[in-house]
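# sequence first, then the predicted structure:
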Amino acid sequence: MAAFKFPVDASQIMLFARAVGDDNPIYHDSEYASGTETKGIIAPPTFVQASAQYDPNFPLRPTIGEPWFGSGKEATGTPKSDIQPKEKSEKKSSDSARILHAEQQYIYHKPIRPGDDLSVTTKRGKSWEKEGRRGGTMRFSETITEFRDTKGELVVTATSVGVTTGKAVSQD
């Protein structure tokens, strides 16, 4: 179970809303938001995805002194030779062609607000298999992430489902 803190402030909420193209003033205008049912600024749906930048184990978060899979001179920001796994690269490309994000679900127990200091924990959920038509056996697995406030009350539950196919599916 991974655990980390996710401090929330008004500027993060505003920037996230802008990034997803949502200009609803409830995400940035405190005067407007105070006159709504929420009685203040709240975060938009899917905002909890921004918590990844606070997760020390997030694979797309840059780490100083280590190769990074991000933007830069090379397509990934790092020369291909620097990001190859220790095992054969054929295995890596084959594996990545078999792993998919299948589903994402959010359950909102209460709004996220500026000033919240959320504790984030992740645990494994259910797993199951299904026979595919072209890719062999598909293995599904859930990851459940809970966001709790300083009182320990549940704010958001995010459930992600990943699938690994039995073999890479050709594009023809």
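That came in fine, so what should we check first?

# could I get the top strand by length along the chain in PDB with only the CA atoms?
Using DSSP state E to define each element, the chain has its longest strand at strand 117-131. What follows is strand 117-131 as a C-alpha-only set of coordinates in PDB (Å, rounded to 0.1, in the frame of the first residue of the first chain):
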ATOM      1  CA  ASP A 117      -4.300  18.200   3.000                       C
ATOM      2  CA  LEU A 118      -5.200  14.800   1.600                       C
ATOM      3  CA  SER A 119      -3.600  11.500   2.500                       C
ATOM      4  CA  VAL A 120      -3.400   9.200  -0.400                       C
ATOM      5  CA  THR A 121      -3.300   5.400  -0.100                       C
ATOM      6  CA  THR A 122      -3.400   2.800  -2.900                       C
ATOM      7  CA  LYS A 123      -4.200  -0.900  -2.600                       C
ATOM      8  CA  ARG A 124      -4.900  -3.700  -4.900                       C
ATOM      9  CA  GLY A 125      -8.600  -4.500  -5.700                       C
ATOM     10  CA  LYS A 126     -10.100  -7.400  -7.500                       C
ATOM     11  CA  SER A 127      -8.500  -9.300 -10.300                       C
ATOM     12  CA  TRP A 128     -10.000 -11.600 -12.900                       C
ATOM     13  CA  GLU A 129      -9.400 -13.100 -16.300                       C
ATOM     14  CA  LYS A 130     -11.300 -13.200 -19.600                       C
ATOM     15  CA  GLU A 131     -10.600 -15.000 -22.800                       C
END
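
# okay, buried residues for stretch 103-113 please.
Tyr106, Tyr108, Pro111, Ile112, Arg113 (16 or more other C-beta atoms under 10 Å). No exception for glycine: its C-beta is placed from N, CA and C like everyone else's.

# hmm, what's the outermost residue in this protein?
Relative to the mean C-alpha coordinate of the chain, counting by C-alpha atoms, centre = their mean, the farthest residue is Gly35 (31.4 Å).

# now do the SS call for Val161.
At Val161 the chain is in strand, as set by DSSP: H, G, I helix; E, B strand; the rest coil.

# right, I'll call it a day here.
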